[in-house]
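Visitor: my questions are about this predicted structure, shown below with the sequence.
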Amino acid sequence: MSDAKLEDLSIAEAGAKLRDGSLTSATLTRHALDRIAKLDGALHAFVLVTEERALEDAARADAELAAGTDHGPMHGIPYALKDIYDTAGIRTTCHSKLLIDNVPGRDSVVAAKLASGGGVLLGKLATHEFAMGGPSFDLPFPPARNPWNTGHITGGSSSGSGAAVAAGMVRMAMGSDTGGSIRGPAAYCGTVGLKPTYGLISRRGVFPLSYTLDHCGPLTRSVEDAAITTELLAGFDPLDPASADKPKADLRSGLEDGVAGLRIGMPRNLYRDAEGLSPEVYDAIERVGQALEAAGAIVEEVTLPDYALFNACGRVILTAEAFAIHEKDLRERPEDYGELFLMRIVTGAAISSADYIQAQRLRRELSLAVNREALKTYDVLLTACALGPAPAFADCPPDRPVFWPIQSMPFNVTGNPALSMPAGLSTSGLPLSAQLVGRPFDEATLLRVGRAVEKATASWGATAPALLAAE
């Protein structure tokens, strides 16, 4: 296989070649670094490329495999981290002036697990400031741009993660998701984005935005790659108060089992009349439902509470908790925040304890409606993620928060695992998406359905992003 095709290998495919000796991690890593050097000047996905560390990781991975030591599916595979994950001895800035010189003394749990799994760290990826707000132009680094059209945003806040995966610079990039920050960039950039169940992956060492809504998860080129990453990272952490003590799940063995007999619920009431809904997105979701039905699933309409309830509930909780995290710096260093982040977070000062408590009460009711009602009958829900293609930078005013028509917040509120899947291309050539939602800690079924969608839609958008098509 020529170097020109190395970026098309999945984690599993690259791993097989590493093990049969037809590929080395050093070659794979050098190719990735060269690709970053070639493409990232237009994309701004990386805020820091750790070339020396990457080459050392790769050399060690090759030596270990040669000696018969195999740390698992990520062994020798390059990856990158959203720049809110602590990395020992490597700057972690949260894309903010406030932490521009921050060098953690230890790895986050996620970074440590990827390192012990033999992964190769390529660097740190752009985010919206402290994983909230954006795109912003008054921060230490420029905002990431969409490989399908660099005049368009990637979504956020895992903006660099979406761009890096879509451009083939990495097969997997870690993001975080508080109100859709994995699934939004996945939807806008045409990748797979998995928000696992709340508590499945430890958040220790990841700068928090909202203690009760934050999730860690991967953006990948394929469903199998999401399964591989999540299997490695899942596990109980007694030092993360939100961590769930659950047995390790097998997420890969059932991926090809198909959907025959599974029940899929479609809550069209969430998105049918939503502001900003593109007819192309609605049609794409319908086509996904039809494809699942053709594959043997039972697809039926289901009704959930109004999206506005989920969104209001989540926004109150997120903003109140984010304000509590940043209150000291907001009082002492407000001038060091970007304008958009500051505009969004200061509203947290006006949220009362009664507002917060009522939002948490509503959260319980909404979670019951999803899990005790809808998902008692259905194995997975099929709904909207982004309601349209990625907006243009020209439509994102720099002096006020941007309206992104996206419906990811409900499943941060409930904590259910949720998966953004590519669902073809718009007439403008930008990715369309659909969202799948599973039962808590049933990522195996969710990914199984995602794999069926991936197979059914493989021909819907079989072109490369514009930046890559020009190579």
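Guide: Okay, I see it. Here the structure is a predicted model, which means the values were calculated and not measured.

Visitor: phi, psi of the residue nearest the centre of the chain?
Guide: The C-alpha lying nearest the average C-alpha coordinate of the chain belongs to I182 (C-alpha atoms, centre = their mean; 2.3 Å). Phi and psi for I182, reported as degrees, to the nearest 10, are phi -90, psi -50.

Visitor: the longest helix anywhere in the chain: which residues count as buried?
Guide: Criterion DSSP state H: the longest helix present in the chain is helix 307-332. Applying a neighbour-count criterion of 16 or more other C-beta atoms under 10 Å, one finds 307, 309-311, 313-323, 325-326, 330 buried in helix 307-332. Every C-beta, even on glycine, is put in place using the N, C-alpha and C of the backbone.

Visitor: in the stretch 1-150 of the chain, which spans are helices?
Guide: Per DSSP state H, counting those that start in this stretch, the stretch 1-150 of the chain carries helices over the ranges 11-20, 25-43, 51-66, 109-116.

Visitor: phi, psi for the residue nearest to F411 when sequence neighbours are not counted please.
Guide: Once flanking residues are discounted, F411 sits nearest to A418: 4.2 Å by C-beta to C-beta, 6 or more residues apart in numbering. The phi/psi pair for A418 (degrees, to the nearest 10) reads phi -140, psi 140.

Visitor: same deal with the one 5 residues further on?
Guide: Phi and psi for A423, reported as degrees, to the nearest 10, are phi -140, psi 40.

Visitor: kindly report the same for V192.
Guide: Dihedral angles (degrees, to the nearest 10) for V192: phi -90, psi 140.

Visitor: which pLDDT value goes with it?
Guide: With respect to pLDDT, V192 has a value of 98.

Visitor: ok, A26 next?
Guide: For A26, the predicted pLDDT is 98.

Visitor: relative to P401, how far out is it?
Guide: Per C-beta to C-beta, to the nearest Å, A26 is found 44 Å from P401.

Visitor: likewise L81?
Guide: Taken as C-beta to C-beta, the span from L81 to P401 is 26 Å.

Visitor: one more: A234?
Guide: 34 Å.

Visitor: what about the two, which has more around it?
Guide: Of the pair A234 and P401, A234 is the one with more neighbours under other C-beta atoms under 10 Å, namely 22 against 15.

Visitor: which one, of the helices of the stretch 1-150 of the chain, ends up nearest to G261?
Guide: helix 11-20 (26.6 Å; C-beta to C-beta).

Visitor: can you tell me what sits against that closest one?
Guide: For helix 11-20, contacts defined as C-beta atoms under 8 Å, 6 or more residues apart in numbering pick out 1, 6, 9, 23-25, 28, 61, 65, 70, 73-77, 171-172, 220, 224-225, 228-229.

Visitor: okay, that helix in PDB with CA atoms only?
Guide: Output of helix 11-20 as PDB, limited to C-alpha atoms (Å, rounded to 0.1, in the frame of the first residue of the first chain):
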ATOM      1  CA  ILE A  11      -7.500   1.300  13.400                       C
ATOM      2  CA  ALA A  12      -8.200  -2.400  12.900                       C
ATOM      3  CA  GLU A  13      -6.700  -2.400   9.400                       C
ATOM      4  CA  ALA A  14      -3.600  -0.500  10.400                       C
ATOM      5  CA  GLY A  15      -3.200  -2.800  13.500                       C
ATOM      6  CA  ALA A  16      -3.300  -5.900  11.300                       C
ATOM      7  CA  LYS A  17      -0.600  -4.500   9.100                       C
ATOM      8  CA  LEU A  18       1.500  -3.600  12.200                       C
ATOM      9  CA  ARG A  19       1.200  -7.100  13.400                       C
ATOM     10  CA  ASP A  20       2.000  -8.900  10.100                       C
END
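
Visitor: any buried residues in it, and which?
Guide: For helix 11-20, using 16+ other C-beta under 10 Å, the buried residues are 11-15, 17-18.

Visitor: ok, of the residues you listed, which one's closest to C94?
Guide: If you rank the buried residues of helix 11-20 by distance to C94 using C-beta to C-beta, I11 comes first, at 27.1 Å.

Visitor: and the strands in the stretch 301-450 of the chain?
Guide: 380-383, 418-425, 431-438 (DSSP state E, counting those that start in this stretch).

Visitor: please apply the same query to the stretch 101-250 of the chain.
Guide: Going by DSSP E, counting those that start in this stretch, the stretch 101-250 of the chain shows strands at 120-125, 172-177, 192-195, 215-220.

Visitor: between those strands, which gets nearest to E280?
Guide: strand 192-195 (19.4 Å).

Visitor: any idea how far F137 is from G199?
Guide: Counting by C-beta to C-beta, the separation of F137 from G199 is 36 Å.

Visitor: who's more crowded, those two?
Guide: A count of neighbours by other C-beta under 10 Å puts G199 above the other of F137 and G199, at 21 against 13.

Visitor: list the contacts of that one.
Guide: Residues in contact with G199 (C-beta under 8 Å, 6+ apart) are 240, 242-244, 415.

Visitor: nearest to A359 among these?
Guide: G415 (14.6 Å).

Visitor: phi first, then psi, for that closest one.
Guide: G415 adopts backbone torsions of phi 80, psi 0, taken as degrees, to the nearest 10.

Visitor: give me the nearest residue to it, chain neighbours excluded.
Guide: Using C-beta to C-beta, 6+ apart and skipping residues adjacent in sequence, the residue nearest G415 is Y198, 3.3 Å away.

Visitor: which residues sit against stretch 101-115?
Guide: By C-beta under 8 Å, 6+ apart, stretch 101-115 touches 57, 74, 79, 81, 85-94, 121, 174, 201-206, 216, 232-233, 235, 237, 240.

Visitor: span of that stretch from start to end?
Guide: 23 Å (C-alpha to C-alpha, to the nearest Å).

Visitor: which of the residues in it are buried?
Guide: By 16+ other C-beta under 10 Å, the buried positions in stretch 101-115 come out as 104, 107-115.

Visitor: just give me how far the helix or strand bottoming out on mean pLDDT in the chain sits from the chain centre.
Guide: When the helices and strands of the chain are scored by mean pLDDT, DSSP states H and E, helix 466-469 comes last with a mean of 74. Chain-centre distance of helix 466-469: 22 Å, with C-alpha atoms, centre = their mean, to the nearest Å.

Visitor: check stretch 189-207 too.
Guide: On the basis of C-alpha atoms, centre = their mean, stretch 189-207 is displaced by 6 Å from the centre of the chain it belongs to.

Visitor: start at 57 instead
Guide: Okay, residue one is now 57; in that scheme the one you just asked about reads as stretch 245-263.

Visitor: buried set for that stretch?
Guide: 245-263.

Visitor: and it, how far apart are its ends?
Guide: Stretch 245-263: ends 24 Å apart by C-alpha to C-alpha.
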